[in-house]
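Novice: After the sequence you'll find the predicted model.
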Amino acid sequence: MRYAVYLPLIFPLLAAPAAGPLGERLPPRVATWLLTVGAVVLAAASSLALGLLAITGLIRFPLLAELAHGRWSVQVAQHHDPASLTIGLLAIAVLAAATIAAVRMLCRRLRTLAAAAAEAACMPGPGQVVVVGDAAAEAYAVPGLPGRIVVSTAMLNALDPAEHEVLLAHERAHLTHHHYLFVACAQLAATANPLLRPLAATVAYTVERWADESAAAAVGDRRKVAHAVGKAALAARRTRARSRIPAAALGILGRFTATGPGPIPRRVAALLAPPLHNRALPLALAIGVLLATCLSATEAGHDLEALLEMAKRGAQRG
């Protein structure tokens, strides 16, 4: 195999530092799609590269060749493959660990979404919005069929009627655009390849920005949305909210916790600034990296196929 197999393992190193700037400079809808698809593609390509390297390690063992009735020559495979046995064995170990982690994450996420859907179905009232009596200021969207929006009385009391409209528009955007799926896919990709964690963290931010912009479009006033987000965060901080929210839920407070505001100041600043527009250069560079990743993974697959073919011919001549 030639060196194309290593490129899918290198590209995540380039994508990670670019995630934050892309999330800040591109429209949030575009950034969310780009980063989520990018995380999935990079995780899949890096896993494929590890699998190809693992195969090159396995075919070096004479016992496997004998079990396959001598279908390839171990000597030919070693001669034409620049990857060492150590690299192949390391790839096997890393791929096994990544696969186990990704499967566990997938099962955990599926259970979380199922629990959220069950909770949404059991919530009282026929409407989409559920008001709960709670001294903690909370508001979040619970995915389900249909999804529900949960708002505490403390949050309603903290905001005025015009800001209630902003709050509900934000939460409806989470449900309408299925933001929880973007977050779940990005987190799964980051579990398979920890180098992609910055992309997953940025997706968690851009879905909130996407919902902010949807709310701004619904009410027609970006400053009003910025003010509502800030007030909701202050109310949650005073009442120590965010303790009983389902894991799959998304809300206007995003990753806000009682110990800090998280990215809320950046969201408020973005709403007070003019709307973002697509930028050709960052988009082209990001798409170029993804295309190069796919091409290098494909080329690595062809290299392995050619290596196996040579090894088979060597076994036939032997």
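Specialist: Everything's here; your move.
Novice: Can you show me the helices along this protein?
Specialist: Counting by DSSP state H, the chain has helices at residues 7-25, 28-58, 62-67, 74-80, 85-122, 153-158, 161-176, 179-192, 197-219, 222-239, 264-272, 280-317.
Novice: lowest-confidence stretch among those?
Specialist: Mean pLDDT values for the helices of the chain show the minimum at helix 62-67, a mean of 51.
Novice: related to what we said a few turns ago, wait, which of the helices of the chain is closest to residue 250?
Specialist: With respect to residue 250, and counting by CB to CB, the nearest of the helices of the chain is helix 161-176 at 4.5 Å. To be clear about C-beta, it is placed using only N, CA and C from the backbone, and glycine gets the same treatment.
Novice: Dump the closest one to PDB, restricted to CA.
Specialist: The C-alpha coordinates for helix 161-176 follow below in PDB (Å, rounded to 0.1, in the frame of the first residue of the first chain):
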ATOM      1  CA  PRO A 161     -44.900  38.300  26.800                       C
ATOM      2  CA  ALA A 162     -42.900  39.400  23.700                       C
ATOM      3  CA  GLU A 163     -39.900  37.400  24.900                       C
ATOM      4  CA  HIS A 164     -42.200  34.300  25.400                       C
ATOM      5  CA  GLU A 165     -42.700  34.400  21.600                       C
ATOM      6  CA  VAL A 166     -38.900  34.400  21.100                       C
ATOM      7  CA  LEU A 167     -38.500  31.500  23.600                       C
ATOM      8  CA  LEU A 168     -41.100  29.400  21.800                       C
ATOM      9  CA  ALA A 169     -39.800  30.200  18.300                       C
ATOM     10  CA  HIS A 170     -36.400  29.100  19.400                       C
ATOM     11  CA  GLU A 171     -37.600  25.800  20.800                       C
ATOM     12  CA  ARG A 172     -39.800  25.100  17.800                       C
ATOM     13  CA  ALA A 173     -36.800  25.500  15.600                       C
ATOM     14  CA  HIS A 174     -35.000  22.800  17.500                       C
ATOM     15  CA  LEU A 175     -37.900  20.400  16.800                       C
ATOM     16  CA  THR A 176     -38.700  21.500  13.200                       C
END
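Novice: which strands and helices sit next to that helix?
Specialist: Judged by 3 or more CB pairs under 8 Å, 6 or more residues apart in numbering; DSSP states H and E, helix 161-176 is in contact with strand 139-142, strand 148-152, helix 197-219, helix 222-239.
Novice: Pick out the residue closest to the middle of the chain.
Specialist: residue 186 (0.9 Å; CA atoms, centre = their mean).
Novice: now that one: how far from residue 180?
Specialist: 11 Å (CB to CB, to the nearest Å).
Novice: Next: residue 121.
Specialist: Residue 121 is 16 Å from residue 180, by CB to CB.
Novice: before we move on, the earlier item: tell me which of the helices and strands packed on helix 161-176 is the most buried.
Specialist: Mean neighbours per residue, mean count of other CB atoms under 10 Å, is largest over the helices and strands packed on helix 161-176 for strand 139-142, with a mean of 27.
Novice: give me every residue that touches residue 188.
Specialist: 40, 43, 102, 105-106, 109 (CB atoms under 8 Å, 6 or more residues apart in numbering).
Novice: Neighbour-wise, give me the winner out of those residues.
Specialist: residue 43 (25 neighbours; other CB atoms under 10 Å).
Novice: hmm, back to that, right, so of the helices and strands packed on helix 161-176, which gets closest to residue 36?
Specialist: helix 197-219 (5.6 Å).
Novice: Export stretch 210-217 to PDB, keeping only CA atoms.
Specialist: C-alpha atoms of stretch 210-217 as PDB (Å, rounded to 0.1, in the frame of the first residue of the first chain):
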ATOM      1  CA  TRP A 210     -29.500  28.200  14.000                       C
ATOM      2  CA  ALA A 211     -32.400  28.300  16.500                       C
ATOM      3  CA  ASP A 212     -31.600  31.900  17.400                       C
ATOM      4  CA  GLU A 213     -31.700  33.000  13.800                       C
ATOM      5  CA  SER A 214     -34.900  31.100  13.200                       C
ATOM      6  CA  ALA A 215     -36.500  32.900  16.200                       C
ATOM      7  CA  ALA A 216     -35.200  36.200  14.900                       C
ATOM      8  CA  ALA A 217     -36.800  35.500  11.500                       C
END
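Novice: Start the count at 360 instead of 1 going forward.
Specialist: Okay, using 360 as the starting number, the last item reads as stretch 569-576.
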